[in-house]
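Participant: my questions are about this predicted structure, shown below with the sequence.
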Amino acid sequence: MFDLAFIIEKAVLIGGIITVSLLIAMYSTWAERKVAGFMQDRLGPNRAGWGGLLQPLADGLKLFMKEEIIPNASNKTLFILGPALAMLTAMMTSAVIPWGGKIEVFGRTVDLQIADINIGILYIFGVVSMGVYGIMIGGWASNNKFSLLAALRGASQMISYELAMGLAIIALLMITGSLSLKTIVEQQSTGWWNFFLQPVGFLIFMVCAFAECNRTPFDLPEAENELNFGYHQEYSSMKLGFYLFAEYINMFISSALMATLYFGGYDIPFVNDANLGANIGINALAAIQGITLFLKVAFFIFFFMWVRWTIPRFRYDQLMNLGWKVLIPLALLNMLVTGAVILWLGH
Amino acid sequence: MNITQILFWLLTVMAIGSALMVIVSKNPVYSVLFLIATFFAISGHYILLNAQFLAIVNLIVYAGAIMVLFLFVIMLMNLNTETEPQKNKWLKFAGTIAGGCLLLVLVAALRDADTRTSTALVKEGDIGLIQNLGKTLFNEYVIPFEISSVLFLSAMVGAVVLGKKE
C-alpha cells in the first residue's frame, strides 16, 4: 500500500530543507545586525562566540526563557494560532523549490525537490495568499487597537502587492510556458537566464517580494513610530520569536524564489552542467549546484538587508500609490510587450 | 481501503464538519476561519480528482482573497457574542422549517439526476490539468470566457465609481 522507501526519502528531504531554512533564518538575524553595524560604522554583535557567531543561539535561548504573557482580554485560541500560522505558511513554500539536480543514494535517484508539481508557481501564490492570516488573526486576537490597525494594514498591503506580483509572473510564464519550477530552471540552464528576458518583470517581482515579506521600506505593519510595535505588540517569549523568525524565513524563501525564477536557480553560470556532471559524477554536481543556489540566495538576502538599512519607510498612501498606480500598470505594460514580442518572433 | 479512499473520507469529514461549524459557532470570526478550512477540504477533493489547477485557484481566490475581505469586515464590525442581537424564537423556528424544505426539494430533485449514476473519475480525468483546461477554455468556450471577463471589468469599474462617491 505504501512505498516505504519513497516516504523515508521525502521525510528526510523535508526534514533537511526545514532544518536548513531554520538555520539560514537564524544566521540571517546575525547577518542583519552585522550588515546594519557595517552600514552605520559600528561593530555589530561581537560578544557571544567568535565575531558574535553564537549570538542567534543566545537570542533564541533568551526568547525561550522569557515569561510568556497572554493578555486577559485576548482570544486565547486565535492568539496562539496566529504565530503558528505565520510560521507554517513561511515554511510551506519551500516544498516546490528545486534545491539542486539529482543525487544517488543507496542506488536510488533522488530529486533535490520535495514535490515537482505542474502548478508550482500557483502553489507558491496560494501559500503566499495564506500568509495574510497569520498577521490578521494574531493582530485581531490581541484585542489591541494598534495590533488590529497593523493587521489590517499588513493584510491590505499584501493583497495589493500580490496583484502586481501575479502580473509580473504571468509575463514570465509567457516565456517559459510552464508552471513547474523544475522545468523553468532546466530551461534557464540551457538558455538565457530569465532576468535578461524579463528585467522589468524581475524589478516588479522584487519590489512585491519586499512588500510581501513586510520588510523595509514596506514594513508599515510594524511601523513603530505610529503603531508601537505593530501586530505582534502583545506577543512575548517564543510566540514573538515565531513572528520575527517567520519574517526571516519568508526572506530566505523569497530570495530562493527570485534566484529560481529569474537567475537560473541551481544552474552554475558559464558552465555546462551536464558536461560537468559527466566528469565529476552527479552527486558532486548536485553539491556544487546546491552551493551555487545558496550563493545566489545569500546575495539576495544581503540585498534585502542592504535596502533595509538604506531606504526609509514609505508613508501608507505612498505605499498604496506605488502598488496600484505604478506597479500594476507597469506590470500590465510588461505583459503586453512580452506578448507582442513573442507574437512577433513567432513562437 | 487504499490511500485515495482514506484521504477521501478524511477530507469529507473535514469538509462537512467544518461546514457545520461555520453555522454552529457563535463567534463570526470562527465562522470565517471554519469556512476557510472547508475550502481547504474542497481543494483536497479537487486534487483527488486530478484537478490541481482548480484546487489551487479555489484556494487563491476564495481562501486567499475573498475570505480575507470577509475577515476584514467582520473584524472591523467587532461582532461579539454579547453585542449580537438575540433572534426571535419564532424566527429561528421558521428558519429551520424553511431550510428543511430546501433540503427536501434538493434531495428530491437530485434523486433521479444522472449525477447519481455516473462516478467521479478519481486520478484519471485530466480536464482539470492547467494545459487541458486552458485549451478548452480558449478554444471551445472563448466567447463566454471573454464575456465573463468583461463582466468582471464592469464590476471593477462600478466598485471604483462607488468608492469615489463622496
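Facilitator: That came through fine.

Participant: what strand or helix carries A:Glu104?
Facilitator: Element membership of A:Glu104, judged by DSSP states H and E, is strand A:102-105.

Participant: neighbouring strands of that strand in the sheet, and parallel or not?
Facilitator: strand A:108-111 (antiparallel) (DSSP bridges).

Participant: buried residues of the partner strand, list them for me.
Facilitator: Neighbour counts over strand A:108-111 (16 or more other CB atoms under 10 Å in any protein chain shown) mark A:Asp111 as buried. Every C-beta, even on glycine, is put in place using the N, C-alpha and C of the backbone.

Participant: I'd like the next helix or strand past that strand.
Facilitator: Immediately after strand A:108-111, counting by DSSP H and E, sits helix A:120-141.

Participant: dump that next one to CSV, restricted to CA.
Facilitator: The C-alpha coordinates for helix A:120-141 follow below in CSV (Å, rounded to 0.1, in the frame of the first residue of the first chain):
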residue,chain,number,x,y,z
GLY,A,120,4.4,25.0,-8.8
ILE,A,121,4.2,28.8,-9.2
LEU,A,122,0.5,28.8,-8.5
TYR,A,123,1.1,26.8,-5.3
ILE,A,124,3.6,29.4,-4.1
PHE,A,125,0.9,32.0,-4.9
GLY,A,126,-1.7,30.1,-2.9
VAL,A,127,0.6,29.8,0.1
VAL,A,128,1.6,33.4,0.0
SER,A,129,-2.0,34.5,0.0
MET,A,130,-2.5,32.3,3.1
GLY,A,131,0.3,34.3,4.8
VAL,A,132,-2.1,37.1,5.4
TYR,A,133,-4.0,35.1,8.0
GLY,A,134,-1.1,34.7,10.4
ILE,A,135,-0.8,38.5,10.7
MET,A,136,-4.6,39.2,10.7
ILE,A,137,-5.5,36.5,13.2
GLY,A,138,-2.7,37.5,15.5
GLY,A,139,-3.5,41.2,15.3
TRP,A,140,-7.2,40.7,15.9
ALA,A,141,-6.9,38.2,18.7
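
Participant: and that helix, is it in reach of chain B?
Facilitator: Yes - contact of helix A:120-141 with chain B (CB under 8 Å from any CB of the partner chain) involves A:Leu122, A:Tyr123, A:Phe125, A:Gly126, A:Ser129, A:Met130, A:Val132, A:Tyr133, A:Met136, A:Ile137, A:Trp140.

Participant: just stretch A:146-161 next, same as before
Facilitator: Yes - using CB under 8 Å from any CB, stretch A:146-161 reaches chain B at A:Leu148, A:Ala151, A:Leu152, A:Ala155, A:Ser156, A:Ile159.

Participant: and for the residue of the stretch 101-250 of chain A found nearest chain B, the neighbour number?
Facilitator: Nearest residue of the stretch 101-250 of chain A to chain B, counting by CB to the nearest CB: A:Ser129, 2.8 Å away. Other residues lying near A:Ser129 total 23 when counted by other CB atoms under 10 Å in any protein chain shown.

Participant: kindly report the same for A:Ile328.
Facilitator: A:Ile328 - counted by other CB under 10 Å - has 19 other residues nearby.

Participant: in chain B, which spans are helices?
Facilitator: With DSSP state H as the criterion, chain B has helices at B:3-24, B:28-48, B:52-58, B:67-77, B:89-111, B:130-139, B:142-164.

Participant: what's the closest of the ones you listed to A:Asp273?
Facilitator: Closest to A:Asp273 of the helices of chain B, according to CB to CB: helix B:130-139, at 27.1 Å.

Participant: list the buried residues of that closest one.
Facilitator: Quick answer for helix B:130-139 (16+ other CB under 10 Å): B:Ile130, B:Leu133.

Participant: can you read off the pLDDT for B:Lys92?
Facilitator: At B:Lys92, the predicted lDDT confidence score is 83.

Participant: ignore the last one, B:Val105
Facilitator: For B:Val105, pLDDT reads 92.

Participant: do the same with A:Asn46
Facilitator: pLDDT recorded at A:Asn46 is 81.

Participant: listing request: residues of chain B with sub-threshold pLDDT.
Facilitator: Scanning chain B for pLDDT under 70 picks out the ranges B:78-86, B:114-128, B:166.

Participant: now it against chain A: closest residue?
Facilitator: Counting by CB to the nearest CB, chain B gets nearest chain A through B:Gly64, at 2.8 Å.

Participant: related to what we said a few turns ago, name all residues that make contact with the residue of the stretch 101-250 of chain A closest to chain B.
Facilitator: Counting by CB atoms under 8 Å, 6 or more residues apart in numbering or on different chains, A:Ser129 makes contact with A:Met158, A:Ile159, A:Glu162, B:Leu59, B:Ile60, B:Ala63, B:Gly64, B:Ala65, B:Val68.

Participant: just the buried ones from those?
Facilitator: Buried residues within the contacts of A:Ser129, counting neighbours by 16+ other CB under 10 Å: A:Met158, A:Ile159, A:Glu162, B:Leu59, B:Ile60, B:Ala63, B:Gly64, B:Val68.

Participant: center of chain B - which residue?
Facilitator: Residue closest to the mean C-alpha point of chain B, counted by CA atoms, centre = their mean, is B:Phe39 at 6.1 Å.

Participant: pretty sure it is in contact with B:Gly64, am I right?
Facilitator: No - in this structure B:Phe39 lies outside contact range of B:Gly64 using CB atoms under 8 Å: 9.3 Å.

Participant: run through the residues that contact the residue nearest to A:Phe252 when sequence neighbours are not counted.
Facilitator: In space, and not counting its chain neighbours, A:Phe252 is closest to A:Ile24: 5.1 Å by CB to CB, 6 or more residues apart in numbering or on different chains. Residues in contact with A:Ile24 (CB under 8 Å, 6+ apart) are A:Phe252, A:Val297, A:Ile301.
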